[in-house]
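In: please find the sequence and the predicted model below.
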Amino acid sequence: MLQGIREAIVEVVQAVLPIILIIVVLEIVVLRATPPDLLLFLLGSVMVVLGIALFLSGVKAGLLPIGEAIGSEFSVRGSLALIIAGTFLFGFLTIVAEPNIRVLGEMLDTVTGGGIPSGPLTLVIAVSVGFIVTAGVLRIIFGVPLAYLYAVSYAAVIVLAPFTSPDFLAVAVDAGGITTGLLTIPIILALGTGITSVLAGRSALTDGFGLVGLASLGPILGVMLMGMVYS
């Protein structure tokens, strides 16, 4: 475990060090930051590195194996109702716990002063992801081509876009990108590969992947519909 944490820290440092250096240079040259400000930024950067490293270690040690086990168990049980209910809850609760969604809500509260309420927004995003991930899992089970599901989803986005207020449309697009964060991606990937691992005639590559992309489309549709209701 400790070896895995050390490796994760090295990986994260290598990934974030360039952006940290760029920000430090900009703070010194452009913002004329004081030493206390620089120290505060560097302290925050260290906390980010340690936090992400610990999170990634936890994902590898616990979340990925559990996600695969749950996905395979859903398929082994053979109950369609269990698969639908379990997958929906899996997607819903993952989004509720996703840190990026909290950041989005806080930013919206700051910018709009509650004009776009963060509580209902989080609920809409979570429900949307739950529904579309469930649709993706059913696609795997019944052998529906992934292209069909994407075509329908993107067509719905195109149809709804002209009827959505500009404010909600902008938030909807960002919500789609923010949804697929540190917590959501590994859990949904593990769920998809776990389900395909016990289904005969299914490929872990062509059938197990694709759920994360769908998960990013769900919030776009959900928030656009929310905008139409609020308008």
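Out: It's in.
In: contacts and neighbour counts: CA atoms only from here.
Out: OK.
In: and the lowest-mean-pLDDT helix or strand in the chain, how far from the chain's centre?
Out: None of the helices or strands of the chain scores lower by mean pLDDT, DSSP states H and E than helix 64-77, at a mean of 71. Chain-centre distance of helix 64-77: 19 Å, with CA atoms, centre = their mean, to the nearest Å.
In: which secondary structure elements does whichever strand or helix holds Val212 contact?
Out: If you go by DSSP states H and E, Val212 is part of helix 211-230. Counting contacts by 3 or more CA pairs under 8 Å, 6 or more residues apart in numbering; DSSP states H and E, helix 211-230 is packed against helix 118-142, helix 146-160, helix 166-179, helix 184-196.
In: just the angle between the least confident helix or strand of the chain and helix 118-142, please?
Out: Orientation of helix 64-77 against helix 118-142 (axes from the mean of the first three to the mean of the last three CA atoms, to 10 degrees) gives an angle of 50 degrees.
In: touching helix 64-77 from outside, list them.
Out: With contact meaning CA atoms under 8 Å, 6 or more residues apart in numbering, helix 64-77 is reached by 82-83, 86, 186-188, 190-199.
In: which of those are buried?
Out: With burial judged by 16 or more other CA atoms under 10 Å, the buried subset of those is 83, 86, 186-188, 190-198.
In: so what's the residue nearest the centre of the chain up against?
Out: Nearest to the geometric centre of the chain sits Thr180, at 2.1 Å (CA atoms, centre = their mean). Listed by CA under 8 Å, 6+ apart, the contact set of Thr180 reads Val212, Ala215, Ser216.
In: if you set the cut-off to 7 Å instead, what comes out?
Out: Residues near Thr180 by CA atoms under 7 Å, 6 or more residues apart in numbering: Val212, Ser216.
In: let me know the pLDDT of it.
Out: What the model reports as pLDDT for Thr180 is 81.
In: coming back round to it: dump the buried ones among the contacts of helix 64-77 to JSON lines, plus pLDDT and distance to Val129.
Out: Listed next are the buried ones among the contacts of helix 64-77 as JSON lines, based on pLDDT from 0 to 100; distance: CA to CA, whole Å:
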{"residue": "Ile83", "pLDDT": "83", "distance to Val129": "15"}
{"residue": "Gly86", "pLDDT": "85", "distance to Val129": "13"}
{"residue": "Pro186", "pLDDT": "82", "distance to Val129": "15"}
{"residue": "Ile187", "pLDDT": "82", "distance to Val129": "13"}
{"residue": "Ile188", "pLDDT": "85", "distance to Val129": "10"}
{"residue": "Ala190", "pLDDT": "81", "distance to Val129": "16"}
{"residue": "Leu191", "pLDDT": "80", "distance to Val129": "14"}
{"residue": "Gly192", "pLDDT": "80", "distance to Val129": "14"}
{"residue": "Thr193", "pLDDT": "78", "distance to Val129": "18"}
{"residue": "Gly194", "pLDDT": "79", "distance to Val129": "18"}
{"residue": "Ile195", "pLDDT": "78", "distance to Val129": "18"}
{"residue": "Thr196", "pLDDT": "78", "distance to Val129": "20"}
{"residue": "Ser197", "pLDDT": "73", "distance to Val129": "23"}
{"residue": "Val198", "pLDDT": "69", "distance to Val129": "24"}
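In: identify, from those, the entry nearest to Ala53.
Out: Of all the buried ones among the contacts of helix 64-77, Pro186 has the smallest distance to Ala53: 14.4 Å, by CA to CA.
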